[in-house]
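In: Need a 3D model of the sequence below.
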Amino acid sequence: MRFSSLLTASMASVVAGQGLTQTLMDQPSLSNLTTYLNLFPTLLNELSSMSNITLLAPSNMAFETALNSSTGAAFTANNTDVISALFSYHVLNGSYTNFSTMPEFVHTALMPGMYANVTGGQAVEALASSNMSNATTTFYSGLLQNSTVATNGTFNFTGGVVHVVDHFLVMPENLTNTAVQLNLRSAVGALTVAGLADAVDTMMDATFFVPDNAAFQAIGSALATSTPQELARILQYHVVNGTVGYSSMLTNGSTLTTMDGIPVTITIQDSEIFVNSARVVTQDVLVANGVMHVIDGVLNPGNRTASAQPTASTQAPAFSGASSASDTPFTSGVASATTSVNTEGPTSAASAAATGGSSGSSSSSSGGAMPLKTGAVGAAALFGGAAAIMNL
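Out: Below is the predicted model:
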């Protein structure tokens, strides 16, 4: 496969027709990864034989940073299942030399199974900066982890493209674990009380609109008198099953049918996204089976006409007459976060969505076709010597 039509003349770092092994060996910043891969020639040959892929290659700095993370723990414990899945998550389906300045969600080789439940492979979000004097591309993965492409860190090989990144990607976890790490403890507790926690964690291709703790507290009086069945009906109105609604796919005035068959309405104005009357305060948190958007209000299936007031600093609760609780509801017995998460996330895609546009319109790729081989690429053996490599 030829990629010359995708490359600009200024990309001096690209060497056409070179195999993956030599491409990696030529980069000093990938010496840990290269040494690691060379321990397992069968795996390296398999990876090198793939075509139409983009490899997000962790730099030496990424290996060092990983020592104090869950990734490092998996390496040290030689957890080959986790490591195999993680490496698959670093292989994008399609050959991408550059990306759009609007968020773009690209499927990876981490296919549905134990660690993902998204049709076509778990996604990673890619976003190029709009600062032309310091143009960079950042990938956002689980828990909003950001991994930035190094300066002059893009190379092509005969099977696709390599981008050198400064951090390992983080595989998205299930909804409830992710919500705990984002301190959305009321939502987790409510799902548990309603008997929905397992259902939302195991369904496929889903969009979750998750109210923050303050949203639950604001309607505490209404929740205090709700039965588990009534609570379940409310929570089901926050779940869209069968559609992964990344922000780039949401358009002004569109509707999404929720788990209980009742639609919610999307409003987009001035780069802000609303679901009925609730404002999205953190968007595009990737989870194992789709995407989560954190909202500042609890949606009411009995008040479907509640509409957004974009110019207001706060939105009126959708539950008329409800009063605030003195304590945060449903948090008793819910675990606290163990990870610090930057919930600022990437730049909003709303401005593109508001005009009906989609993200990624200016990225260069080979069309996003599937690679010739997909799924975990035999990386169970790849990271078996991680602890030794990182101690060199």
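In: Let me see the contact set for Leu24.
Out: Leu30, Leu33, Thr34, Leu37, Ala57, Val162 (C-beta atoms under 8 Å, 6 or more residues apart in numbering). No exception for glycine: its C-beta is placed from N, CA and C like everyone else's.
In: Quick one: classify it as helix, strand or coil.
Out: Using DSSP: H, G, I helix; E, B strand; the rest coil, the structure places Leu24 in helix.
In: So, low pLDDT: which residues of the stretch 101-250 of the chain?
Out: For the stretch 101-250 of the chain, the stretches flagged by pLDDT under 70 are 133.
In: quick one: the strands in it?
Out: 104-107, 123-128, 137-140, 146-157, 160-165, 206-211, 239-241 (DSSP state E, counting those that start in this stretch).
In: would you list the contacts of Leu24 in CSV and tack on distance to Gln122, neighbour count and secondary structure?
Out: CSV is the format used below for the contacts of Leu24 (distance: C-beta to C-beta, whole Å; neighbours: other C-beta atoms under 10 Å; DSSP: H, G, I helix; E, B strand; the rest coil):
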residue, distance to Gln122, neighbour count, secondary structure
Leu30, 23, 25, helix
Leu33, 21, 21, helix
Thr34, 26, 19, helix
Leu37, 22, 23, helix
Ala57, 18, 24, strand
Val162, 20, 24, strand
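In: Can you give me the neighbour number for Glu344?
Out: 9 (other C-beta atoms under 10 Å).
In: Likewise for Gly72?
Out: Quick note: Gly72 (other C-beta under 10 Å) scores 18 neighbours.
In: wait, is it part of a strand?
Out: No. Judged by three-state DSSP, Gly72 forms no part of a strand; its state is helix.
In: From what I see, it and Ala62 are in contact.
Out: No. With contact defined as C-beta atoms under 8 Å, Gly72 does not reach Ala62; the gap is 10.7 Å.
In: Redo the strands of the stretch 101-250 of the chain as a markdown table? Include distance to Ser248.
Out: Shown next, in a markdown table, are the strands of the stretch 101-250 of the chain (distance: least, C-beta to C-beta, whole Å):
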| stretch | distance to Ser248 |
| --- | --- |
| strand 104-107 | 6 |
| strand 123-128 | 9 |
| strand 137-140 | 12 |
| strand 146-157 | 17 |
| strand 160-165 | 20 |
| strand 206-211 | 13 |
| strand 239-241 | 15 |
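In: Tell me which of these lies nearest to Glu344.
Out: strand 146-157 (9.9 Å; C-beta to C-beta).
In: helices or strands up against the closest one?
Out: helix 20-25, strand 96-98, strand 137-140, strand 160-165 (3 or more C-beta pairs under 8 Å, 6 or more residues apart in numbering; DSSP states H and E).
In: winner for burial among those?
Out: Highest mean neighbour count of the helices and strands packed on strand 146-157: strand 160-165, a mean of 25 (counted as mean count of other C-beta atoms under 10 Å).
In: Direction included, what does the helix or strand containing Gln283 pair against?
Out: Element membership for Gln283, per DSSP states H and E: strand 278-287. Strand 278-287 has the following strand partners under DSSP bridges: strand 272-275 (antiparallel), strand 290-295 (antiparallel).
In: for it, what is the average pLDDT?
Out: Mean per-residue pLDDT for strand 278-287: 98.
In: how about it: buried residues?
Out: Judged by neighbour count (16 or more other C-beta atoms under 10 Å), strand 278-287 contains these buried residues: Ala278, Arg279, Val280, Val281, Thr282, Gln283, Asp284, Val285, Leu286, Val287.
In: re earlier: between the strands of the stretch 101-250 of the chain, which one is closest to Asn342.
Out: strand 146-157 (7.7 Å).
In: circling back to that earlier point, just want the angle from the strand holding Gln283 to strand 123-128.
Out: Angle of strand 278-287 versus strand 123-128, following axes from the mean of the first three to the mean of the last three C-alpha atoms, to 10 degrees, is 110 degrees.
In: check contacts around the spatially closest residue to Ala224 that is not a sequence neighbour.
Out: Counting by C-beta to C-beta, 6 or more residues apart in numbering, Ala224 lies nearest to Ala325, which is 7.0 Å off, once chain neighbours are set aside. The contact partners of Ala325, by C-beta under 8 Å, 6+ apart, come to Gln217, Gly220, Ser221, Leu223, Ala224.
In: try it again with 10 Å
Out: By C-beta atoms under 10 Å, 6 or more residues apart in numbering, Ala325 lies in contact with Ser186, Phe216, Gln217, Ala218, Ile219, Gly220, Ser221, Ala222, Leu223, Ala224.
In: which of those residues sit farthest apart?
Out: Top of the distance list for those (C-beta to C-beta): Ser186 and Ser221, 14.6 Å.
In: Which parts of the stretch 1-150 of the chain are helices?
Out: Using DSSP state H, counting those that start in this stretch, the helices found in the stretch 1-150 of the chain span residues 20-25, 31-38, 41-49, 60-66, 70-76, 80-89.
In: Quickly compare the ones you listed and say which is most buried.
Out: The stretch of the helices of the stretch 1-150 of the chain with the highest mean neighbour count (mean count of other C-beta under 10 Å) is helix 80-89, at a mean of 22.
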